[in-house]
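Peer 1: for reference, the sequence and a predicted model appear below.
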Amino acid sequence: MFIEILWILFFISLAVQLFYILFIFGRLAFFHTNRTKSTTSEKEGVTVIIAAHNERTNLKKLIPILFEQEYPNFEVMVINDRSYDGTKRVLEKLMEIYPRLRTVTVNYTPTHVTSKKYALTLGIKVAKNDVLLLTDADCWPKSTKWIDIMTAPVRTEGKDFALGFSQYEEGKTLLNKWIQFETLLNGIQYLSFGLLKAPYMGVGRNLCYRRSYFMENKAFKGIWDIFCGDDDLYVNIHSNGRNTAVVVDPESITYTVPKENWTDYVQQKKRHFHAGKYYRTGSKLQIGWYAFTHTVFWISALTLAVLTGIGQQWEQFLVIIGIILVRSALITSVFKSARKKLEGISKAGWSAAFDFVYSAYFWFLGSMGYLSKRVRWK
């Protein structure tokens, strides 16, 4: 009876996994065609929003890069959030060089709100333009077309949100390879669902929405006291299939510096998973069914492989191994194709190996983030 149950679980979980891989993730990896770039002669103004806490060094690098953007009508708004590292002096000097750079200084945060949401709200309130493009101080756009491409759905298609992709700078360590894998998988998930008119999150490192929409919906109403979620949770609450577009183009992405040790990485992911506990029920199911059936598939597959091997049932053993290999090949193909469309790079040789350990990562860190009572931005 135990063996029969294992076989049932194996094939049910396999069917769900194939549905996700081929029909959901495949929407991005195999069937999506990149958008046509905006060609409007008179383009609506854009404000790039950056909330920065003690980011003096990163801002010195980022601001000159932003003003290389090939977009005729934009400003950069940096919210200096309680910095004490000389950020204010750096910004003052940069404003002398770049007239379209503006700043807001936050000296304190009220006790009933979280610091980054409060900082973002103050900056958004005084932004000159209605189209907002958010990123972080430790990020940088891949191309000089970033503003143009990322904001096009909001400017020209009447969308309230445009969801973009942000990857981490590539390195040679095992941690870096894992971060690359996990970030790409996360991107494949939320962008694929976005393309299927069921968006559930975005990343604040590369996110566009309208100031008027933000203000009409009373900023971060309902989530002020949650110590995360200024991006993914905000999108989860307000986005839908009608008002949200996905931007898939290598020239639209941003890069950022990854964590360099496992301790910092775990703390970062705990914060990300913590926001997930506040997602809509449907969004939790979108993510959860993949993670759950992923775990069931690997547990049942490995258990059956061991039992059939011990019992010398070689035909069944070979069937299980063959299915595992086919699924791994499909995962690798999805990752290679999706990475090509998102980053312009098709390397993904590590995806099958990391996919094997993904379940342990998801349930371990996911539980830590879900059960944690309090996380902070900075």
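Peer 2: Nice, I can see it.
Peer 1: how is the protein divided into domains?
Peer 2: 2-29+282-371, 33-261 (automatic domain parsing).
Peer 1: okay, helices next: where are they in the stretch 101-250 of the chain?
Peer 2: Using DSSP state H, counting those that start in this stretch, the helices of the stretch 101-250 of the chain run over 115-125, 146-156, 174-195, 211-216, 232-238.
Peer 1: low pLDDT regions in the protein?
Peer 2: 34-42, 224, 227-229, 271-276, 363-378 (pLDDT under 70).
Peer 1: need the helices of the stretch 101-250 of the chain in JSON lines (columns: distance to L22).
Peer 2: Glycine gets a C-beta too; all of them are placed from N, C-alpha and C. Shown next, in JSON lines, are the helices of the stretch 101-250 of the chain (distance: least, C-beta to C-beta, whole Å):
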{"stretch": "helix 115-125", "distance to L22": "38"}
{"stretch": "helix 146-156", "distance to L22": "26"}
{"stretch": "helix 174-195", "distance to L22": "11"}
{"stretch": "helix 211-216", "distance to L22": "34"}
{"stretch": "helix 232-238", "distance to L22": "25"}
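Peer 1: so which of those helices is the most surrounded?
Peer 2: Most buried of the helices of the stretch 101-250 of the chain by mean neighbour count (mean count of other C-beta atoms under 10 Å) is helix 146-156; its value is a mean of 24.
Peer 1: hmm, who's touching that one?
Peer 2: 35, 37-38, 40, 43-44, 46, 48, 69-71, 74, 131, 133, 141, 159-162, 164, 206, 208-210, 245, 247, 249, 251-254 (C-beta atoms under 8 Å, 6 or more residues apart in numbering).
Peer 1: same deal with stretch 290-299?
Peer 2: Under the contact criterion C-beta under 8 Å, 6+ apart, stretch 290-299 has outside partners 9-10, 12-14, 16-17, 20, 189, 327, 356, 358-359, 362-363, 366.
Peer 1: what do you get if the cut-off is 7 Å, keeping everything else the same?
Peer 2: 9-10, 13-14, 16-17, 20, 356, 358-359, 362-363 (C-beta atoms under 7 Å, 6 or more residues apart in numbering).
Peer 1: what of stretch 348-365?
Peer 2: 177-178, 181, 266, 269-270, 273, 291, 294-295, 298, 328, 331-332, 335-336, 339.
Peer 1: of those residues, select the buried ones using a PyMOL command.
Peer 2: Selection of the buried residues among the contacts of stretch 348-365 in PyMOL, burial being defined by 16 or more other C-beta atoms under 10 Å:
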select buried, resi 177+178+181+269+270+273+291+294+295+298+331+332+335+336+339
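Peer 1: restricted to helices, list the contacts of stretch 348-365.
Peer 2: 177-178, 181, 266, 269-270, 273, 291, 294-295, 298, 328, 331-332, 335-336, 339 (DSSP state H).
Peer 1: would you map the strands across the stretch 251-378 of the chain?
Peer 2: Per DSSP state E, counting those that start in this stretch, the stretch 251-378 of the chain carries strands over the ranges 254-256.
Peer 1: residue boundaries of the helices in it?
Peer 2: 262-276, 281-310, 314-343, 351-371.
Peer 1: tabulate those (JSON lines), appending distance to I147.
Peer 2: Output for the helices of the stretch 251-378 of the chain, formatted as JSON lines (distance: least, C-beta to C-beta, whole Å):
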{"stretch": "helix 262-276", "distance to I147": "26"}
{"stretch": "helix 281-310", "distance to I147": "29"}
{"stretch": "helix 314-343", "distance to I147": "18"}
{"stretch": "helix 351-371", "distance to I147": "31"}
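Peer 1: only C-alpha atoms, please: export stretch 264-273 in PDB.
Peer 2: C-alpha atoms of stretch 264-273 as PDB (Å, rounded to 0.1, in the frame of the first residue of the first chain):
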ATOM      1  CA  ASP A 264      23.900  38.400   5.500                       C
ATOM      2  CA  TYR A 265      22.100  36.500   2.700                       C
ATOM      3  CA  VAL A 266      19.900  34.500   5.200                       C
ATOM      4  CA  GLN A 267      18.900  37.800   6.900                       C
ATOM      5  CA  GLN A 268      18.000  39.300   3.500                       C
ATOM      6  CA  LYS A 269      15.900  36.300   2.500                       C
ATOM      7  CA  LYS A 270      14.100  36.200   5.900                       C
ATOM      8  CA  ARG A 271      13.000  39.700   5.200                       C
ATOM      9  CA  HIS A 272      11.700  38.800   1.700                       C
ATOM     10  CA  PHE A 273       9.900  35.700   3.000                       C
END
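Peer 1: which of the domains of the chain is buried the deepest?
Peer 2: Ranked by mean neighbours (mean count of other C-beta under 10 Å), those are led by domain 33-261, with a mean of 19.
Peer 1: the spatially closest residue to S346 that is not a sequence neighbour and A348, how far apart?
Peer 2: Leaving aside its sequence neighbours, S346 sits nearest to K340 (C-beta to C-beta, 6 or more residues apart in numbering; 4.3 Å). According to C-beta to C-beta, to the nearest Å, K340 and A348 sit 9 Å apart.
Peer 1: and what of F362?
Peer 2: Here the criterion is C-beta to C-beta. By it, F362 lies 19 Å from A348.
Peer 1: got it, and V104?
Peer 2: For V104, the distance to A348 - C-beta to C-beta - is 41 Å.
Peer 1: try V90
Peer 2: Going from V90 to A348 by C-beta to C-beta gives 38 Å.
Peer 1: same deal with G222?
Peer 2: In terms of C-beta to C-beta, G222 sits 38 Å off from A348.
Peer 1: then R242?
Peer 2: From R242 to A348 the distance is 33 Å (C-beta to C-beta).
Peer 1: H238 - nearest residue in space that isn't next to it in sequence?
Peer 2: N217 (6.2 Å).
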